[in-house]
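>>> sequence first, then the predicted structure, then my questions.
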Amino acid sequence: MVDRDGAPQPVISVPDGWPAHPDLSLALNRMGTFDWDLDSGLMHMDQSALGVFDLHRDEYDDRPGTLAARVCRAEASRLDTLVSQAFKGDRSHYGVYFRIQRRDGSPRWTHAQGRIHRDAEGRARRIIGVVRDAEEELTDATERLELDEERRRQTGVVERTTAILAHARTVNDVIDVLKDAQALGHLGAVSVMLGLVEGGRIHMVAEGQSDAYVPEFRYTRIDAQFPMSESVRTMRPVFISTREEFKHDYPVLWPHIEPLDVTSAAYLPLIAQARPIGAIGLLYSDKDGFTPEERNLLVALSSSIAQSLQRAMLFEQEHDLAEGLQQAMLPRRIPATPGAQIAVRYRSARMGRDIGGDWYDVIPLPGGKVGVVIGDVQGHDTHAAAVMGQLRIVLRAYAAEGHTPATVMARASTFLHELDTDRFATCVYAEADLATGVVQLVRAGHIDPLLRLADGDCRRLPVAGGLPLRLSAEFGRLEYPVTTVELAPGETMLMCTDGLVEYPGTDLDDGVRELTGLIMDGPQDVQQLADRLCEVYDERGGGDDMALLLLRRRGSETPRTAGRLQQYVAQSDPDGLFAARHMILAAVRSWGAHGQAEEIELAADELITNALLHTDGGAVVTARVLTTERDRRLRVEVEDTSSALPRMRDAGDDGVSGRGLVLVDRLAETWGVESRGSGKSVWCEFPLPDGESD
């Protein structure tokens, strides 16, 4: 071989395979390539790139999400935010250092660099780049320790703040976190401001520890010359490193910043689902500029705040929708009830879109009576709410027709069974005669009511119960026993659903005992007491929805000059007989015949017993007041279906029967028998005092 001058040149030997193929050069330097198609979401990685991530070819499916298992958890949020900011803006390339976790669990520093390809409209379509092992770049021990420490601090900031925000359910919860000096104090900011985008403007909703909040700027336009407006408008962070930048770039805001000890600021857009929902502003008093690590930290932090804020906003919207739907199915107003104070409340569960089946109702009844209902349909969804709405309407209709409480409950159960739903419902229905204080209750699988006495003491009110609605019809057990109690003037009956007494960490009995204590210590006014119980419910977090009804009998407004009570007693029904006796005693006390209570009760008992023993059916017992110009009388009537008239007879010295009408004749002022179309009515009368009794 000779040169151009003809002089001989030495022969130079080269190794085989020279020059090296580019793929070999990349592999030897632990460097690979990737091609990310943003439209399809697929990312191709060559063998060298997979080697950087310590992955085999059969372990990767061309989807970026598969790489998440290799990226350290603390780095994932920062990496996603930086890449997203890069291709959402107008940048043509980006570079980022991050750590991956190798197959053996050890970390490795990695560097990725990509070039962004955009279409004619500037939208990012494709990213082509390289990824390489950056471990050797950080071999210096001191530098690595310092960098690791900084990374740990930055990661700690994001993790602690994210952990706190994870418990924020409402926008106010997020605001409280941002205003808490301890929560974000490690950022070194002297003031934290939060603005939300509302109708083309930014609404300033929170200001932190400094006096940087300006009332005149509570609402600002997005196109205004303010740093927060600029960050929302461009969806990019705005970093102000010096006071001179403040003065030069934002002259309108500068007069309000100048008196403050502020040297720098950061305004970060809060972006969720590719749209700005607000911005956060951080003011510093001892910082000059921001390092790349600090900027990355703030960008990652703003991403976490944005996600929490959007979650809180969606939660409030869904909760308002659920509560509005539930409230629309409840009575719009409570009718005025003479002789009583009534308070009702409803609280939906604090679980977002969950809708419950709890309800209450107040039903005016014939004869001045009132029916009150509390119930709970199984489930927490729209189906439960729909069933509740239908069940409330039919139960109200049955009660308004004048059916007895047991019949109302049985028919409601049958309706729910025929509705062809798999849901059952628990319920308590009470029919109250406020003139006498007699309350007849039926219970279908629900918790017992509570009774607060006039002196403030409170106790559980045992009510005989039947199966829940629908189940009683399904199993053919539609008998609902009636419990009769007397509600004295000044006493309050409370009915509620289990959301008020059941909550995490306690059982039903403990919850009832705690509720009993709250009622005893609560205010006398039923409206104030209902508000107090709702406050306690809200403080617990409200894991389940809750309905509440309080009925207080007024003593001074209860009419006593007239009235009518009626009770049906079936044959072989000792509970019905007891209820009728209780009704008679309540009427005696209410209508001012205390001195004749024993005589009236005994005479009534004899008439009822005769009807049950000597006829083939039950009896209807009626107690009423007859008022004339001369006097007032209490009449007790017992009606049966037999046409055979009773007669007085001599029972003899050893007779065990035959004394009933003799006793009635001796005890009552007068008595008699009236024929009815379907039977007869035996009655007796007792004079009442002219004055009213307390």
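Cool, got the structure. Numbers count the residues shown, from 1 in each chain.
>>> so which helix or strand of the chain has the lowest pLDDT on average?
helix 181-184 (a mean of 56; mean pLDDT, DSSP states H and E).
>>> strand partners (parallel or antiparallel) of the helix or strand that that helix is followed by?
Using DSSP states H and E, the next helix or strand after helix 181-184 towards the C-terminus is strand 191-198. Using DSSP bridges, the strands paired with strand 191-198 are strand 201-207 (antiparallel), strand 275-284 (antiparallel).
>>> out of these, deepest packed?
Most buried of the strands paired with strand 191-198, by mean neighbour count (mean count of other Cβ atoms under 10 Å): strand 275-284, with a mean of 23. In this view, the C-beta of every residue, glycine as well, is placed from N, C-alpha and C.
>>> now that one - C-alpha only, PDB.
C-alpha atoms of strand 275-284 as PDB (Å, rounded to 0.1, in the frame of the first residue of the first chain):
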ATOM      1  CA  ARG A 275     -58.000  20.900  32.400                       C
ATOM      2  CA  PRO A 276     -57.200  23.500  35.100                       C
ATOM      3  CA  ILE A 277     -59.400  23.400  38.100                       C
ATOM      4  CA  GLY A 278     -57.400  26.000  40.100                       C
ATOM      5  CA  ALA A 279     -54.000  27.100  41.200                       C
ATOM      6  CA  ILE A 280     -51.900  27.100  44.400                       C
ATOM      7  CA  GLY A 281     -49.600  30.000  45.300                       C
ATOM      8  CA  LEU A 282     -46.600  29.800  47.700                       C
ATOM      9  CA  LEU A 283     -44.900  32.900  49.000                       C
ATOM     10  CA  TYR A 284     -41.400  32.700  50.500                       C
END
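>>> contacts for that strand, please.
With contacts defined as Cβ atoms under 8 Å, 6 or more residues apart in numbering, strand 275-284 is touched by 178, 187-197, 202, 210, 212, 227-228, 231-232, 235, 260, 262-271, 298, 302, 305-306, 309-310, 313.
>>> of those, keep whichever come out buried.
Using 16 or more other Cβ atoms under 10 Å as the burial test, those include 178, 187, 189-197, 202, 210, 212, 227-228, 231-232, 235, 262-271, 298, 302, 305-306, 309-310, 313 as buried.
>>> would you list every one of the strands in the stretch 501-650 of the chain?
Using DSSP state E, counting those that start in this stretch, the strands of the stretch 501-650 of the chain run over 546-553, 564-569, 619-627, 632-640.
>>> these: lowest mean pLDDT?
Of all these, the minimum mean pLDDT falls on strand 564-569 (a mean of 78).
>>> and the contacts of stretch 503-514?
Residues from elsewhere that reach stretch 503-514, judged by Cβ under 8 Å, 6+ apart: 447, 450, 460, 498, 500-502, 540-541, 543-544.
>>> report the buried members of those.
Neighbour counting with 16+ other Cβ under 10 Å marks 447, 450, 498, 500-502, 544 as buried within the contacts of stretch 503-514.
>>> what's the farthest-apart pair in the residues you listed?
Across the buried ones among the contacts of stretch 503-514, the longest distance by Cβ to Cβ is 18.5 Å; it joins L450 and D544.
>>> after the helix or strand hosting M228, next one along is what?
Element membership for M228 (DSSP H and E) is helix 227-234. For helix 227-234, the following helix or strand on the C-terminal side (DSSP H and E) is strand 238-240.
>>> quick one: mean pLDDT for that following strand?
On average, strand 238-240 scores 90.
>>> same question, stretch 127-144
For stretch 127-144, mean pLDDT is 73.
>>> now stretch 378-394
84.
>>> give me the buried positions along stretch 511-526.
511-512, 515-516, 518-519, 522, 526.
>>> now swap in stretch 473-485 and tell me
For stretch 473-485, a neighbour-count test (16+ other Cβ under 10 Å) marks 473, 478, 480-485 as buried.
>>> show me where pLDDT drops low in the stretch 51-200 of the chain?
Within the stretch 51-200 of the chain, the segments meeting pLDDT under 70 span 74, 138-169, 178-188.
>>> all helices in it, in order from the N-terminus.
Applying DSSP state H, counting those that start in this stretch to the stretch 51-200 of the chain gives helices spanning 73-88, 141-165, 171-179, 181-184.
>>> circling back: redo the strands of the stretch 501-650 of the chain as a markdown table? Include distance to A349 and mean neighbour count.
As requested, the strands of the stretch 501-650 of the chain are exported to a markdown table (distance: least, Cβ to Cβ, whole Å; neighbours: other Cβ atoms under 10 Å):
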| stretch | distance to A349 | mean neighbour count |
| --- | --- | --- |
| strand 546-553 | 8 | 25 |
| strand 564-569 | 40 | 20 |
| strand 619-627 | 45 | 19 |
| strand 632-640 | 49 | 21 |
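>>> tabulate those strands (TSV), appending distance to S241.
Formatted as TSV, the strands of the stretch 501-650 of the chain follow (distance: least, Cβ to Cβ, whole Å):
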stretch	distance to S241
strand 546-553	53
strand 564-569	85
strand 619-627	90
strand 632-640	93
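>>> which of these sits closest to S678?
Among the strands of the stretch 501-650 of the chain, the nearest to S678 by Cβ to Cβ is strand 632-640 (8.9 Å).
>>> what's the closest one in contact with?
Here strand 632-640 makes contact (Cβ under 8 Å, 6+ apart) with 561, 584, 587-588, 591, 593, 600, 603-604, 607-608, 610-611, 615, 617-626, 669, 676, 679-690.
>>> give me the angle between it and strand 619-627.
Angle of strand 632-640 versus strand 619-627, following axes from the mean of the first three to the mean of the last three Cα atoms, to 10 degrees, is 160 degrees.
>>> so strand 632-640 versus strand 564-569, what angle?
Relative orientation of strand 632-640 versus strand 564-569 (the same axes, to 10 degrees): 30 degrees.
>>> direction included, what does strand 632-640 pair against?
Sheet pairing for strand 632-640, assigned by DSSP bridges, gives strand 619-627 (antiparallel), strand 679-688 (antiparallel).
>>> how about the ones you listed in JSON lines, adding distance to R553?
Output for these, formatted as JSON lines (distance: least, Cβ to Cβ, whole Å):
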{"stretch": "strand 619-627", "distance to R553": "18"}
{"stretch": "strand 679-688", "distance to R553": "21"}
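>>> and of those, who's closest to P405?
Per Cβ to Cβ, nearest to P405 of these: strand 619-627, 15.4 Å.
>>> can I get stretch 416-423 as CSV, trimmed to CA atoms?
This file holds the C-alpha atoms of stretch 416-423, laid out as CSV (Å, rounded to 0.1, in the frame of the first residue of the first chain):
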residue,chain,number,x,y,z
LEU,A,416,-93.6,-4.8,49.3
HIS,A,417,-93.8,-8.6,48.7
GLU,A,418,-96.0,-8.0,45.6
LEU,A,419,-93.6,-5.3,44.4
ASP,A,420,-91.3,-8.1,43.3
THR,A,421,-88.2,-6.8,44.9
ASP,A,422,-85.5,-8.6,46.9
ARG,A,423,-85.4,-5.8,49.4
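>>> now it: buried residues?
The neighbour-count check on stretch 416-423 (16+ other Cβ under 10 Å) flags 416-417, 421, 423 as buried.
>>> in helices only, show me the residues you listed.
416-417 (DSSP state H).
>>> ok, which pair from the buried residues of stretch 416-423 is furthest apart?
Put simply, by Cβ to Cβ the two of these set farthest apart are H417 and R423, 10.8 Å from each other.
>>> give me the common contacts of these two.
Common neighbours of H417 and R423, using Cβ under 8 Å, 6+ apart, are R470.
>>> my read: T110 touches R132, true?
Yes - using Cβ atoms under 8 Å, T110 is in contact with R132, at 7.1 Å.
>>> need the residues touching each of these two.
With contacts taken as Cβ under 8 Å, 6+ apart, T110 and R132 have V52 as neighbours in common.
>>> please pick the buried ones from the contacts of strand 632-640.
Neighbour counting over those (16+ other Cβ under 10 Å) leaves 584, 587-588, 591, 593, 600, 603-604, 607-608, 610-611, 615, 618-625, 679-686, 688 as the buried ones.
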